[in-house]
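> please find the sequence and the predicted model below.
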Amino acid sequence: MVNKIWGFFIISGIITCLFNNNIELINNEILNSTKDSLDMIIKIFPVMALWLGLMNIAKHSGLLDKLSKKISPILRFLFPEIPKNHESLNYISSNIIANMFGLGNAATPFGLKAMKSLQELNKKKDTATRSMITFLVINTSGVTIIPTTIISLRMMYGSTNPTSIVLPCILATSLATISGIIIDRILARRCNYK
């Protein structure tokens, strides 16, 4: 659906420029946007590589496992239907930790593995389980302590204080996660009563 919306915007913009005889504007925007995209990739890549490398080191050193064990009591509360010591809990905790450090790219493989593992526990293969829905809510609204991508973008565009976004980001993502979990619990109870 989003592809159709963006496609509509692009096509309507091109048609509008053609009717207004602004063909040069189309060419300039295409060239400028590709240049900006390449600049963004070149400037964000080192920061992402650094954090992805640190996450990889944390994984191989066992730090990720230790952090996972620290948050396991919270996960046991949030996901009571997942058996204790199931591999999906490790994937979920790794996903949450990666999202906390603003590493959406590093969190994605963990999230996909968690969903695959949760699907193995699913008795109705065509319907999402309560754990899947809760994980999706937490993953989507995830608490971010260090928003590395946003900081990188602010640095790229010359912000005088690119890290000033950290506290608002922590507050906003924490509020989103708490609200998402509360709504998830309310809806889960409502569905169980039916």
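On my side now, so go ahead.
> can you tell me how far the residue lying farthest from the centre of the chain is from residue 105?
In the chain, the greatest distance from the average C-alpha position (C-alpha atoms, centre = their mean) is reached by residue 21, at 41.0 Å. Here residue 21 is placed at a distance of 42 Å from residue 105 (C-beta to C-beta, to the nearest Å). (Each C-beta comes from the backbone N, C-alpha and C, glycine too.)
> ok, now residue 91?
For residue 91 relative to residue 105 (C-beta to C-beta), the value is 16 Å.
> the two: who's more crowded?
Set residue 91 next to residue 105 and count neighbours by other C-beta atoms under 10 Å: residue 91 wins out with 22 against 14.
> so who does that one touch?
If you count contacts by C-beta atoms under 8 Å, 6 or more residues apart in numbering, residue 91 has them with 110, 111, 113, 114, 117.
> mind doing that once more with 6 Å?
110, 113, 114, 117 (C-beta atoms under 6 Å, 6 or more residues apart in numbering).
> just the buried residues from those, in PyMOL please.
With 16 or more other C-beta atoms under 10 Å as the criterion, this PyMOL line picks the buried residues out of the contacts of residue 91:
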select buried, resi 110+113+114+117
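> report the lowest-confidence entry in the contacts of residue 91.
Minimum pLDDT across the contacts of residue 91 is recorded for residue 110, with 84.
> you'd agree that residue is up against residue 96?
No. Using C-beta atoms under 6 Å, residue 110 makes no contact with residue 96, being 8.6 Å away.
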